[in-house]
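Novice: sharing a model that was predicted from the sequence below.
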Number of protein chains: 2
Amino acid sequence: MLVPFGTGAEEPCLRADAARNRARLLDAAARLVAEHGAAGVTMEAVAAAAKVGKGTVFRRFGDRTGLLMALLDHEEKKFQAAFLSGPAPLGPGAPPVERLRAFGCAALRRAADDLELQLAAEPCPDRRFLVPPRRARYGHVLMLLRQAVPDADCELLAQTLMGYLEPALIHHLTRQCNMPMERLQHGWHDLVARVTAARQPA
Amino acid sequence: MLVPFGTGAEEPCLRADAARNRARLLDAAARLVAEHGAAGVTMEAVAAAAKVGKGTVFRRFGDRTGLLMALLDHEEKKFQAAFLSGPAPLGPGAPPVERLRAFGCAALRRAADDLELQLAAEPCPDRRFLVPPRRARYGHVLMLLRQAVPDADCELLAQTLMGYLEPALIHHLTRQCNMPMERLQHGWHDLVARVTAARQPA
């Protein structure tokens, strides 16, 4: 649907329409990644899959790198929506330990879905812990740990749990050590149990 | 001591002498890092500190990057010698949990000593877990975990413990969150206790 430029009155509608179109292109790109890996995502393939002209994809994302970064951001926002306000146990409504278990397994699945993209987009060491997606995940894990083990140093434990979900580690374990994803998920459940277990003071 | 080139008989002696000279230059460089940070390490400063000509330092290491990489390697080898065969509890002779506690605290100290160097030398994600220094540390932690919690998935727990000691994380916690090193050491002891605690099967 084309909305003409005009008075300010149309603008929210135009923006909503533009956002929908953008989401449609990114959903098409995500399907291509799932089917063919990141290498299968070209501007042409996304245009064809979304049934739009190639020029539309270029105007929207600039180049392939812009498209891939936008795709990562889009997928991460869907993940954030799921753990912040989606159905339990990933979303609110389940006990904190159960939510932690669900969070890690969802994060592992998400990492497996576009591992090359996440590796390519890894920020340099002195920015890695400051980027918004990382902070959102960390804040969520921290909040759940504070409910589950209020007497612990939850900030350090949250960083430890986050370390298990680092794309570079998941890449090493699944691609270089050939571990099946089920083993990583089981290991996550085990780690959450160990980290949140009630224990005697040292 | 200068040893003349000649028959093969002198060569082992020459090599030993060269190795000693190299170690002397690297010890001087390490003192400069400790006093002034990595930025204080120049070829000239190392030559002056080791009381040799600047040409000697250039012949040995090529350039400043070569010197810094050699320095990291030299320090890591001293650390390896300490945890593989040095005095207990870091070296052999103490119970595995006590050795794990000592290992992490020594690794934290070592990271603090040349954090900028270690950050600058961080391998790219798909090589990060394959480089020899990382493999040596991982193998050591794995060996101790297998003694401490033989029924656990020690490979995954070892990666988790290693994640706590990542230079990028230590940089974030100490420089960006201003946590004192004592808190990180206490957090390591707590993590080792949680990870190695006897627990009920899930």
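Specialist: Now that the structure is in, tell me what you want to look at. Numbers count the residues shown, from 1 in each chain, chains lettered A, B, ... in the order given.

Novice: where does chain A have low pLDDT?
Specialist: A:1-14, A:198-202 (pLDDT under 70).

Novice: what about the helices in it?
Specialist: Using DSSP state H, the helices of chain A run over residues A:11-36, A:43-50, A:54-61, A:64-85, A:96-113, A:115-120, A:132-148, A:154-164, A:167-171, A:181-196.

Novice: can you name the residues that contact the residue nearest the centre of chain A?
Specialist: The centroid of chain A falls nearest to A:E76 when counting by C-alpha atoms, centre = their mean (3.1 Å). Residues near A:E76 by C-beta atoms under 8 Å, 6 or more residues apart in numbering or on different chains: A:P133. From N, CA and C alone the C-beta is placed, and that goes for glycine too.

Novice: nearest residue to the residue of chain A found nearest chain B other than its sequence neighbours?
Specialist: Using C-beta to the nearest C-beta, A:G163 is the residue of chain A that sits closest to chain B, at 2.9 Å. Among residues not flanking A:G163 along the chain, B:G163 sits closest, at 2.9 Å (C-beta to C-beta, 6 or more residues apart in numbering or on different chains).

Novice: show me what contacts A:V149?
Specialist: A:157, A:195-196.

Novice: enumerate the residues of chain A near chain B.
Specialist: Residues of chain A lying close to chain B (C-beta under 8 Å from any C-beta of the partner chain) are A:119, A:122, A:125-126, A:128-130, A:152-153, A:155-157, A:159-160, A:163-164, A:166-169, A:171-173, A:176-177, A:183-184, A:186-187, A:189-191, A:193-195, A:197, A:199, A:202.

Novice: same thing but at 6 Å, please
Specialist: Neighbours of chain B within chain A, by C-beta under 6 Å from any C-beta of the partner chain: A:119, A:122, A:125, A:128-129, A:153, A:156, A:160, A:163-164, A:168, A:172, A:187, A:191, A:193-195, A:197, A:199, A:202.

Novice: so what are the domain limits for chain A?
Specialist: Domains of chain A are assigned by automatic domain parsing as A:1-62, A:64-196.

Novice: for those, which one ends up most surrounded?
Specialist: Compared across these, domain A:64-196 shows the largest average neighbour count, a mean of 18 (mean count of other C-beta atoms under 10 Å in any protein chain shown).

Novice: ends of that domain, what's the gap?
Specialist: Using C-alpha to C-alpha, to the nearest Å, the end-to-end distance of domain A:64-196 comes to 43 Å.

Novice: with stretch A:170-186 instead?
Specialist: Per C-alpha to C-alpha, stretch A:170-186 runs 14 Å from first to last residue.

Novice: centre of the chain to that stretch, how far?
Specialist: Distance of stretch A:170-186 from its chain centroid, counting by C-alpha atoms, centre = their mean, to the nearest Å, is 18 Å.

Novice: same check, this time on stretch A:68-80
Specialist: For stretch A:68-80, the distance from its own C-alpha centre to the chain's C-alpha centre is 6 Å (C-alpha atoms, centre = their mean).

Novice: correct me, but A:H172 touches B:F129?
Specialist: Yes. A:H172 lies in contact with B:F129 (C-beta atoms under 6 Å); the separation is 4.0 Å.

Novice: any idea how far A:L117 is from A:L173?
Specialist: Distance, A:L173 to A:L117, using C-beta to C-beta, to the nearest Å: 18 Å.

Novice: actually A:R146, not the one I typed
Specialist: 31 Å.

Novice: same thing with A:I170?
Specialist: 13 Å.

Novice: ok, now A:P167?
Specialist: Distance from A:P167 to A:L117, by C-beta to C-beta: 9 Å.

Novice: A:G53 too?
Specialist: Counting by C-beta to C-beta, the gap from A:G53 to A:L117 is 25 Å.

Novice: repeat for A:K51
Specialist: A:K51 sits at a distance of 23 Å from A:L117 (criterion: C-beta to C-beta).

Novice: residues in contact with A:Y138?
Specialist: A:158, A:162 (C-beta atoms under 6 Å, 6 or more residues apart in numbering or on different chains).

Novice: repeat that with 8 Å
Specialist: So, once contact is read as C-beta under 8 Å, 6+ apart, A:Y138 ends up touching A:129, A:158-159, A:162.

Novice: and which of those residues is nearest to B:R24?
Specialist: Among the contacts of A:Y138, A:F129 lies closest to B:R24 (C-beta to C-beta), at 37.8 Å.

Novice: leaving out sequence neighbours, find the closest residue to the closest one.
Specialist: Once flanking residues are discounted, A:F129 sits nearest to B:H172: 4.0 Å by C-beta to C-beta, 6+ apart.

Novice: was I right to think that neighbour contacts A:R128?
Specialist: Yes. Using C-beta atoms under 8 Å, B:H172 is in contact with A:R128, at 7.3 Å.

Novice: about what we covered before: and of the helices of chain A, who's closest to B:A47?
Specialist: helix A:167-171 (37.9 Å).

Novice: how far does that closest one sit from its chain's centre?
Specialist: With C-alpha atoms, centre = their mean as the basis, helix A:167-171 stands 14 Å off its chain's centre.

Novice: show me what it is packed up against.
Specialist: Judged by 3 or more C-beta pairs under 8 Å, 6 or more residues apart in numbering or on different chains; DSSP states H and E, helix A:167-171 is in contact with helix A:96-113, helix A:115-120.

Novice: how far away from the center of its chain is the last one?
Specialist: What separates the centre of helix A:115-120 from the centre of its chain is 11 Å, taken as C-alpha atoms, centre = their mean.

Novice: how about stretch A:76-94?
Specialist: With C-alpha atoms, centre = their mean as the basis, stretch A:76-94 stands 12 Å off its chain's centre.

Novice: now the terminal residues of it, how far apart.
Specialist: Terminal-residue distance, stretch A:76-94 (C-alpha to C-alpha): 22 Å.

Novice: give me the contact list for stretch A:39-56.
Specialist: A:21, A:24-25, A:27-29, A:31-33, A:57-58, A:61, A:63-64, A:67-68, A:71, A:116.

Novice: show me what contacts A:F61?
Specialist: A:F61 touches A:25, A:43, A:67, A:70, counting by C-beta under 8 Å, 6+ apart.

Novice: 6 Å instead?
Specialist: A:67, A:70.
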